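Asks: Give me the fold of what follows.
(one chain, ligands or ions: 1)
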Amino acid sequence: MSQQDLRAALQAVTERVLAYRASADERPQRPMRNYDDMRAAFARATPETGAPIGELIGELADIAEPGLANMIGPRFFGWVIGATAPVGMAADWLTSGWAQNAGNAEATPAAAACEEVAASWLLDLLDLPRAASVGFVTGATMANFTCLAAARGEVLRRVGWDVEADGLFGAPPIHVVLGEEAHSTVFSGLRYLGLGAKRVVSVPVDGNGRMREGAFARAIEKLEGPVIAIAQAGHINSGAFDPFDEIAEAAHAKGAWLHVDGAFGLWARAAPDRMYLGRGLERADSWGVDGHKWLQTPHDSAYAIVRNAEAHRRAMLIAASYLPEGEHRHPADYVPELSRRARGFATWAMIRAWGREGIAALVSRHCALARRMAERLSAEADVEVLNDVVLNQVAVRLGAGMDGAVSDALAARTIARIQREGVCFVGGALWRGRQIVRISIIGEATTEADIDVSAEAILSAWRAERGANA
Ligand SMILES: *Cc1c(COP(=O)(O)O)cnc(C)c1O
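Replies: Numbers count the residues shown, from 1 in each chain. Prediction:
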């Protein structure tokens, strides 16, 4: 390909992305075409001959754009995901351009060193042990998996079993203790690790999905042998935090490994006015947290943080004679993959862009916006906010006082109507047996005005469905 063709293609991509991003505010916050439309639009016979970059990149964008979810939109509240801030996106473009296969420090020194420095910034911002090791993984699912792999190895090593060498057959059983409402991906991690999604001790939770006082200590008390405990910073519906001080106390008294799933909630540690939520979680042994949620890096980006760096490395180390060794930190030694994207660049860029103050302000602002949303919605007589809005999550029941099955059906119709109308995008979930509207305020661009028009759109959709049912 000629330099001229490449330049023209990249400039065209830049123009397209600029136009796409500039329209995020006005476009509906949902995709304009559905999956079937998009499958039909992409369907072609397998190409027999090649196409020039200038044509095919334009073709790809023409086909795809109508079916894109407006996840950078300021009124996109659908899931707990970030909005890929421009800085992270730009750093990610460089990352693709530089084409580093960033597994090894000697082979890709810039990528590895950038990752190491970004890791130290993360530990500082989140106020976690500065000597902890950090693996840059794809998402919190993999962060939790990686941390739990380290946990599995270490709790078995302490009873004289080498799981990395000898596997799980014949190993002493490990007890896993977690809150009844742990995130679904934690159970995936347990499955991948041979610990079993069902072979767990569930700790009862309160109305916010937070482990009840004293319940963890009671659950762990009777257990004999190796124990892995998993607590949560930021419940997926309510944003609630487990009571870490008492959990850490009881876990350590038992010699258990304590892991914290803090996919988005761990960032509360970076905001002085939210810091209190995560008090005590620094006493844990490992933490999983996303970059692609609150930090607004591009997907995929998350961090597996482990206090015992040796346990972390033992669980993930990839040794091969063709890889240079050297004495440095190899990114691949702390994650499940060998070939990997240089994720450190985008993380470095986002932290550099926000600074400590910017991250704190972003988290605080989103939490204030969530409270504003909760106030607006609960002004309606039969709309009930089910959670204590301590973070960025608002869990809403429509039709408080109505028969449950009726209100559930109406709530589902209301969610569909809100999405169709496109002013904002909210998701739904089943929580404590009821259909809720789930609102996550975590995108960089959201303002108070966005909250106000969105609350109005949600309430007017609700009134329309309620009226149609009457
Ligand atoms: C999002 C989330 C996960 C999964 O993270 P991914 O980045 O989607 O893999 C795990 N736990 C909690 C609490 C989450 O919010």
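Asks: any bit of stretch 422-429 sitting next to the ligand?
Replies: No. If you take CB under 6 Å from any ligand atom as the test, stretch 422-429 misses the ligand, and the best it gets is 11.9 Å. Heads up, the C-betas are built off the backbone N, CA and C, glycines and all.
Asks: Next: stretch 235-246.
Replies: Yes. For stretch 235-246, a contact with the ligand is found by CB under 6 Å from any ligand atom, at Ile236.
Asks: Check which residues of stretch 32-52 are buried.
Replies: Across stretch 32-52, burial judged by 16 or more other CB atoms under 10 Å covers 33, 38.
Asks: who's in contact with that stretch?
Replies: 5, 59, 63-64, 66-67 (CB atoms under 8 Å, 6 or more residues apart in numbering).
Asks: of all of the chain, which residue lies closest to the ligand?
Replies: Nearest residue of the chain to the ligand: Gly139, at 2.6 Å (CB to the nearest ligand atom).
Asks: My understanding was that that residue contacts Gly291; is that so?
Replies: No. The pair Gly139 / Gly291 is not scored as a contact, 9.1 Å apart, by CB atoms under 8 Å.
Asks: who has more neighbours, those two?
Replies: Neighbours were counted for Gly139 and for Gly291 using other CB atoms under 10 Å; Gly291 has more, 29 against 20.
Asks: Overlap of the contact sets of Gly139 and Gly291?
Replies: 301-302.
Asks: can you map out the strands along the stretch 101-250 of the chain?
Replies: Applying DSSP state E, counting those that start in this stretch to the stretch 101-250 of the chain gives strands spanning 133-137, 175-179, 200-203, 227-232.
Asks: Asp450: which of those is closest?
Replies: Of all the strands of the stretch 101-250 of the chain, it is strand 227-232 that lies closest to Asp450, at 28.1 Å by CB to CB.
Asks: If you count contacts, what does that closest one end up packed against?
Replies: Strand 227-232 sits against helix 140-157, strand 175-179, helix 215-221, helix 244-253, strand 257-261, with contacts defined as 3 or more CB pairs under 8 Å, 6 or more residues apart in numbering; DSSP states H and E.
Asks: Kindly recompute the last result at 7 Å.
Replies: If you count contacts as 3 or more CB pairs under 7 Å, 6 or more residues apart in numbering; DSSP states H and E, strand 227-232 packs onto helix 140-157, strand 175-179, helix 244-253, strand 257-261.
Asks: strand partners of that strand, parallel vs antiparallel please.
Replies: strand 175-179 (parallel), strand 257-261 (parallel) (DSSP bridges).
Asks: got these as TSV, with mean neighbour count columns?
Replies: TSV is the format used below for the strands paired with strand 227-232 (neighbours: other CB atoms under 10 Å):
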stretch	mean neighbour count
strand 175-179	25
strand 257-261	30
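Asks: And those strands: which comes nearest Trp348?
Replies: strand 257-261 (23.8 Å).
Asks: for the record, mean pLDDT for the closest one?
Replies: For strand 257-261, mean pLDDT rounds to 98.
Asks: strand partners of whichever helix or strand comes after that strand, parallel vs antiparallel please.
Replies: Where DSSP states H and E defines the elements, the next helix or strand beyond strand 257-261 is strand 286-290. When pairing is defined by DSSP bridges, strand 286-290 lines up against strand 257-261 (parallel), strand 302-306 (antiparallel).
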